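1. Next comes the sequence, and after it the predicted model I'd like to discuss.
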Amino acid sequence: MNTSTYIPESFLADVKSYIPDHLNIEDFVAACQSPLRRSVRVNTLKMSVAAFEQYCQLNDWQIEPVPWCENGFWLTRPEDEEENLPIGNTELHLSGCIYVQEASSMLPPMALADALEHSLCVLDMAAAPGSKTSQLAAMMNNQGVLIANELSSSRVKVLAANMKRMGVANCALSHFNGTIFGDYMFECFDSILLDAPCSGEGTVRKDADALKNWSLQSNIDISDVQKQLIRSAFLALKPGGTLVYSTCTLTPIENQAVCAYLLEQFAGHIEVEPLDELFDGAQRATTEQGYLHVWPQIFDSEGFFIAKFKKVGSVENPEQKIKKGAFPFIAIDAKLQTSFLGYIKKHFGIKSLNGTLMTRDKELWLFPDALEQLQNKIKYARLGIQIGTTHKNGVRLEHELATALGHLAADNTLAMDQQQACDYFQGKDIRLAHPTTKTGEVILTLCGAPVGLGKWQKNKVKNSLPRDLVSNAQLITWV
Ligand code: SAM
């Protein structure tokens, strides 16, 4: 029990006014004061669940499936490992095979699962640090196009780094107030997730000070922002499209009332899609409207709220806007395309690339095909993945070619052992057990997942890890 968890009386008085009859306030306080179980999501872009389960067995990692997400697990590592090696420095984390994600935070993308099966264009309107963006990308199997938007510039950088680590290739990042989407990208998306900024009342188990600045007025203030965002999201949704709204807070002011506002604004064009059958046991958290109101004591998780809506018909939007300014990329020169594709086929055995090759100055980018219909609508902070830089003799490959496309390679790959991987992530060259006659670039893998590039050099592989990703911390081994 964490008795230092700050739970103000005014907050508890407010909670008492809306806690459902089948729950009680004592259990709620006890849950808020008990430590949170750690959960991880297997990134199926890099590792199968079967391979993860095998890894856990071999390494004495105890796992318990999260009932609402087939790739989610509560995880307990051996005590001495837990004390000596942060999870972020383990090989599964460094290779992007897992994402540390709170179990209830896996629910909003799962609520979109059926819609994603036939979605080409998807928007994650408030995306950083990207746990749900990478979950959505994995659910889309890197197909279609996923626009991940974030207002805060420092958080856009974290989002970009996470997408690289997780091998996400179908994503474009933008950096706007989410309120612009309804006007600039009116009725463009098949599915939208709005994981809204909120007062974070459900996060107190992770952050004992989460309620330090709690006030009813701040709930009311932030609900105004949420209403603007949810309205914009609904406008940006195609008729027939699906919107999921979520928060990690408990108050109805930021949850049910925001949904009621949306239903009232677009009456006749919107339907609630009830979530009571999302997974076995979902009924325990379902509200009378069909939303999931996940209290921390129900599933021993953080608090969360999830609502799902269908847009049943087109709506009016006299405020639609068109972006000015030219698109800064051009289609790749045909000769360069032939020589580049020829090189990766001959050297790595990569037979084809899914997407469109574009250039900007010397940069070579791979865009998801589906991006074409959206590429001129707004300015993006980052589009697709940068896979190379051109120079007079051809193309120098970039790190992301390996992390996002390395699984396609059949030749010139090296499966690193733990020592080699430690050296790699610390920016050192990698010693080889036996000299090699191979030359040129090599894709390095860890736990079966591609993690970066190097260059064969007889007794070693020269390290090409970008300097900003080099870490001096203790990595991987803990004994
Ligand atoms: N979906 C994220 C994930 O799963 O990793 C968490 C998102 S967090 C709940 C909300 C995010 O919205 C924050 O990163 C915040 O900076 C961003 N944000 C705040 N106001 C915004 C706005 N007006 N438009 C877009 N994003 C906003």
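-> Sure thing, it's come through.

2. So which residues of the stretch 251-400 of the chain form helices?
-> Counting by DSSP state H, counting those that start in this stretch, the stretch 251-400 of the chain has helices at residues 256-265, 296-299, 334-348, 399-405.

3. contacts for the helix or strand of the chain with the lowest mean pLDDT?
-> Taking mean pLDDT, DSSP states H and E as the measure, the helix or strand of the chain with the lowest value is strand 394-397, at a mean of 91. Outside strand 394-397, the residues within contact range by Cβ atoms under 8 Å, 6 or more residues apart in numbering are L336, S339, F340, Y343, L364, I387, G388, T389, T390, E441, L453. To be clear about C-beta, it is placed using only N, CA and C from the backbone, and glycine gets the same treatment.

4. so what strands line up beside it?
-> The pairing partners recorded for strand 394-397 under DSSP bridges are strand 385-391 (antiparallel).

5. quick one, the strand it pairs with and helix 334-348 angle?
-> 110 degrees (axes from the mean of the first three to the mean of the last three Cα atoms, to 10 degrees).

6. For strand 385-391, output the C-alpha coordinates as PDB.
-> C-alpha atoms of strand 385-391 as PDB (Å, rounded to 0.1, in the frame of the first residue of the first chain):
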ATOM      1  CA  ILE A 385      10.100   6.700 -43.100                       C
ATOM      2  CA  GLN A 386      13.400   8.000 -44.300                       C
ATOM      3  CA  ILE A 387      15.200   5.000 -45.700                       C
ATOM      4  CA  GLY A 388      18.200   6.600 -47.400                       C
ATOM      5  CA  THR A 389      20.300   9.600 -48.300                       C
ATOM      6  CA  THR A 390      21.400  10.000 -51.900                       C
ATOM      7  CA  HIS A 391      24.900  10.800 -53.000                       C
END
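
7. which outside residues touch it?
-> 169, 336, 340, 359, 362-366, 395-398, 400-401, 404-405.

8. cool, and stretch 38-47?
-> So stretch 38-47 is contacted by 48-49, 52, 66, 69, 71-76, 87, 92, 95-103, 106, 131, 134-135, 137-138, 141-142, 166-168, 407, 447-450 (Cβ under 8 Å, 6+ apart).

9. Could I get the helices of the stretch 251-400 of the chain in CSV, plus columns for mean neighbour count and distance to the ligand?
-> Rendered in CSV, the data for these read as follows (neighbours: other Cβ atoms under 10 Å; distance: least, Cβ to the nearest ligand atom, whole Å):
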stretch, mean neighbour count, distance to the ligand
helix 256-265, 18, 14
helix 296-299, 21, 17
helix 334-348, 15, 32
helix 399-405, 25, 19
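
10. how about those helices in CSV, adding distance to S246?
-> Shown next, in CSV, are the helices of the stretch 251-400 of the chain (distance: least, Cβ to Cβ, whole Å):
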stretch, distance to S246
helix 256-265, 11
helix 296-299, 15
helix 334-348, 39
helix 399-405, 27
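
11. quick one: low-confidence parts of the stretch 351-479 of the chain?
-> 477-479 (pLDDT under 70).

12. What parts of it come near the ligand?
-> The stretch 351-479 of the chain comes close to the ligand at no residue, as judged by Cβ under 6 Å from any ligand atom.

13. residue boundaries of the strands in the stretch 351-479 of the chain?
-> 356-360, 363-367, 382-383, 385-391, 394-397, 413-415, 430-431, 441-446, 449-457, 460-463 (DSSP state E, counting those that start in this stretch).

14. I'd like a version of those strands in JSON lines, one that adds mean neighbour count as further columns.
-> Shown next, in JSON lines, are those (neighbours: other Cβ atoms under 10 Å):
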{"stretch": "strand 356-360", "mean neighbour count": "18"}
{"stretch": "strand 363-367", "mean neighbour count": "20"}
{"stretch": "strand 382-383", "mean neighbour count": "21"}
{"stretch": "strand 385-391", "mean neighbour count": "19"}
{"stretch": "strand 394-397", "mean neighbour count": "17"}
{"stretch": "strand 413-415", "mean neighbour count": "15"}
{"stretch": "strand 430-431", "mean neighbour count": "16"}
{"stretch": "strand 441-446", "mean neighbour count": "24"}
{"stretch": "strand 449-457", "mean neighbour count": "21"}
{"stretch": "strand 460-463", "mean neighbour count": "19"}
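
15. Any idea which of the ones you listed gets closest to I222?
-> Nearest of the strands of the stretch 351-479 of the chain to I222, taken as Cβ to Cβ: strand 382-383 at 27.8 Å.

16. Check which strands are paired with that closest one and give the direction for each one.
-> strand 171-174 (antiparallel).

17. List of residues touching the partner strand?
-> With contact meaning Cβ under 8 Å, 6+ apart, strand 171-174 is reached by 127, 133, 137, 145-150, 156, 159-160, 163, 367-368, 371, 374-375, 378-384.

18. Drop anything exposed from those residues.
-> The neighbour count (16 or more other Cβ atoms under 10 Å) marks 127, 133, 137, 145-150, 156, 159-160, 163, 367-368, 371, 374-375, 378, 380-384 as buried among these.

19. does S232 sit in a helix, a strand or a coil?
-> S232 falls in the helix class when you classify it by DSSP: H, G, I helix; E, B strand; the rest coil.

20. Nearest residue to it in space, please, no chain neighbours.
-> Spatially, and ignoring its direct neighbours in sequence, S232 is nearest to G182 (3.7 Å; Cβ to Cβ, 6 or more residues apart in numbering).

21. how far away is the closest residue to L341 other than its chain neighbours from A404?
-> Leaving aside its chain neighbours, L341 sits nearest to L353 (7.2 Å; criterion: Cβ to Cβ, 6+ apart). Relative to A404, L353 is positioned 10 Å away (criterion: Cβ to Cβ, to the nearest Å).

22. next one: E277
-> On the measure of Cβ to Cβ, E277 and A404 end up 35 Å apart.

23. My read is that D300 contacts P35, right?
-> No: applying Cβ atoms under 8 Å as the test, D300 and P35 come out as separate, 10.3 Å apart.

24. more neighbours, the two?
-> D300 (14 against 10; other Cβ atoms under 10 Å).

25. give the contact list for the more buried one.
-> Counted by Cβ under 8 Å, 6+ apart, D300 has contacts A31, R37.
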